[in-house]
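Participant: okay, structure incoming, though there's no sequence with it:
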């Protein structure tokens, strides 16, 4: 029985808790992708770099607050900087829409044109972030690191394995849960949310009903920018901030959105956790876990790892390809991309 409990704690440390945290981060990113695709009808390749921009502002404001002696007690100071970063990122998203996307929207350009434009925006944002904060890893987490410490858990439980639960992981899971409920309530119950859904379902009919398309577009970018900033900050607190990593995150974001059903907010949440579970479970080495569960003479000598962690994003790519080939509408039958 003790071995089973040790195996459970070990799996919780390296698979279950990371899946919940990383899946929550992917879900927020995929929500932004699916909102833009569902309402504005194009795949936004600049989403990862918009997230990097918002996180950069969070880091700069955090550093300034730390320099003047301001902290948030046991919680990260970045949470105090987050509202400022959200405002700046919303301003950047709205400026980008006015400067780039509105022109093509008025010309009723094809989605392919919007995608090409978003790639241009992606490179510009990437250059801005690298120029201001640099291309290297940036650590900005402070406050308490753990809610549950491995050593304390081992002492209390008497097990060989200690459960570790980081503050950043707890914040990620809690914040994303609240944001997801709030967003779904907004889309289902408010006048603006209903207008966004109507515009997404049938643009021409929505316009005939008197819905202001510019207002719908503006609110979509506001929500997308806010979600991107929060997702980027939570990811940076949990791991670290590096601009190129945020560019790479675009692949699991799209994979999550398509797996769940592109254009479906609930699908984005489901897809985020599916992709996170796939990436982490396939790249985890099960050697120590199996040693607790099988007889000693059956214990594996190798790592029992399906793929190296270097190939984590390759798992997202494989999922993306398989879903597009087998079920292009995704789990909840969204639009075909």
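Facilitator: Received the coordinates, thanks. If you're wondering where the values come from, they're calculated on a predicted model, not measured in any experiment.

Participant: only C-alpha atoms for contact and neighbour calcs from this point on.
Facilitator: OK.

Participant: any weak-confidence spans in the protein?
Facilitator: By pLDDT under 70, the weakly predicted segments of the chain are 334-337.

Participant: rerun that using 80 as the cut-off
Facilitator: 1, 295-297, 299, 301, 333-337 (pLDDT under 80).

Participant: for it, what spans make up the strands?
Facilitator: 146-148, 165-166 (DSSP state E).

Participant: so which of those strands gets nearest residue 271?
Facilitator: Relative to residue 271, the nearest member of the strands of the chain by CA to CA is strand 165-166, separated by 23.6 Å.

Participant: mind giving me the packing neighbours of the closest one?
Facilitator: Other elements packing on strand 165-166 under the criterion 3 or more CA pairs under 8 Å, 6 or more residues apart in numbering; DSSP states H and E are strand 146-148.

Participant: the strand it packs on pairs with which strands?
Facilitator: Take DSSP bridges as the rule and strand 146-148 pairs in its sheet with strand 165-166 (antiparallel).

Participant: now the strands of the chain as JSON lines including distance to residue 323?
Facilitator: Converted to JSON lines, those look like this (distance: least, CA to CA, whole Å):
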{"stretch": "strand 146-148", "distance to residue 323": "37"}
{"stretch": "strand 165-166", "distance to residue 323": "33"}
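
Participant: would you map the helices across the stretch 51-200 of the chain?
Facilitator: 78-96, 102-106, 111-133, 150-157, 167-189, 191-201 (DSSP state H, counting those that start in this stretch).

Participant: minimum distance to residue 15: which of those helices has it?
Facilitator: Here helix 167-189 is closest among the helices of the stretch 51-200 of the chain (CA to CA), at 12.7 Å.

Participant: what angle separates that closest one from helix 191-201?
Facilitator: 80 degrees (axes from the mean of the first three to the mean of the last three CA atoms, to 10 degrees).

Participant: one step back: residue 52: which of the strands of the chain is closest?
Facilitator: That would be, of the strands of the chain and by CA to CA, strand 165-166, which comes in at 22.4 Å.

Participant: report the distance from that closest one to the chain centre.
Facilitator: 19 Å (CA atoms, centre = their mean, to the nearest Å).

Participant: one step back: for residue 202, which of the strands of the chain is the nearest?
Facilitator: Per CA to CA, nearest to residue 202 of these: strand 165-166, 44.0 Å.

Participant: give me the contact list for that closest one.
Facilitator: If you take CA atoms under 8 Å, 6 or more residues apart in numbering as the criterion, strand 165-166 is touched by 13, 17, 145, 146, 147, 148, 149.

Participant: of the strands of the chain, which stretch is the most buried?
Facilitator: Stretch with highest mean neighbour count among the strands of the chain: strand 165-166 (a mean of 18; mean count of other CA atoms under 10 Å).

Participant: residue 47 contacts residue 251, correct?
Facilitator: No: between residue 47 and residue 251 there is no contact under CA atoms under 8 Å: 10.6 Å.

Participant: leaving out chain neighbours, which residue sits closest to residue 331?
Facilitator: Using CA to CA, 6 or more residues apart in numbering and skipping the chain neighbours, the partner closest in space to residue 331 is residue 260 (4.9 Å).

Participant: in contact with that neighbour, which residues?
Facilitator: 266, 267, 268, 269, 270, 271, 272, 330, 331, 332, 333, 334.

Participant: the fourth one: how many residues sit nearby?
Facilitator: Read it as residue 269. Counted by other CA atoms under 10 Å, the residues lying close to residue 269 total 25.

Participant: not counting residues beside it along the chain, what's closest to it?
Facilitator: Closest to residue 269 by CA to CA, 6+ apart is residue 27, at 4.6 Å.

Participant: next one: residue 285
Facilitator: residue 305 is the one closest to residue 285 (CA to CA, 6+ apart), at 4.3 Å.

Participant: quick check: the one you found vs residue 32, distance?
Facilitator: 32 Å (CA to CA, to the nearest Å).

Participant: so for those two, which residue has more residues nearby?
Facilitator: Comparing residue 305 with residue 32 by other CA under 10 Å, the one with more neighbours is residue 32, at 30 against 14.

Participant: so how far is residue 60 from that one?
Facilitator: 23 Å.

Participant: try residue 39
Facilitator: From residue 39 over to residue 60 (counting by CA to CA), the distance is 32 Å.

Participant: same thing with residue 38?
Facilitator: 33 Å.

Participant: of these two, who's got more company?
Facilitator: residue 38 (23 against 17).

Participant: my read: the more buried one touches residue 199, true?
Facilitator: No: checked against CA under 8 Å, the pair residue 38 and residue 199 is beyond contact range at 9.0 Å.

Participant: ok, residue 51 - contacts?
Facilitator: 225, 228, 229, 231, 232, 246.

Participant: which among these gets closest to residue 81?
Facilitator: residue 229 (10.9 Å).

Participant: skipping adjacent residues, who's closest to that closest one in space?
Facilitator: Using CA to CA, 6+ apart, the closest residue to residue 229 is residue 54 (4.6 Å).

Participant: could you do residue 129 as well?
Facilitator: Closest to residue 129 by CA to CA, 6+ apart is residue 53, at 6.0 Å.

Participant: that neighbour contacts residue 89, correct?
Facilitator: Yes: judged on CA under 8 Å, residue 53 makes contact with residue 89 at a distance of 7.0 Å.
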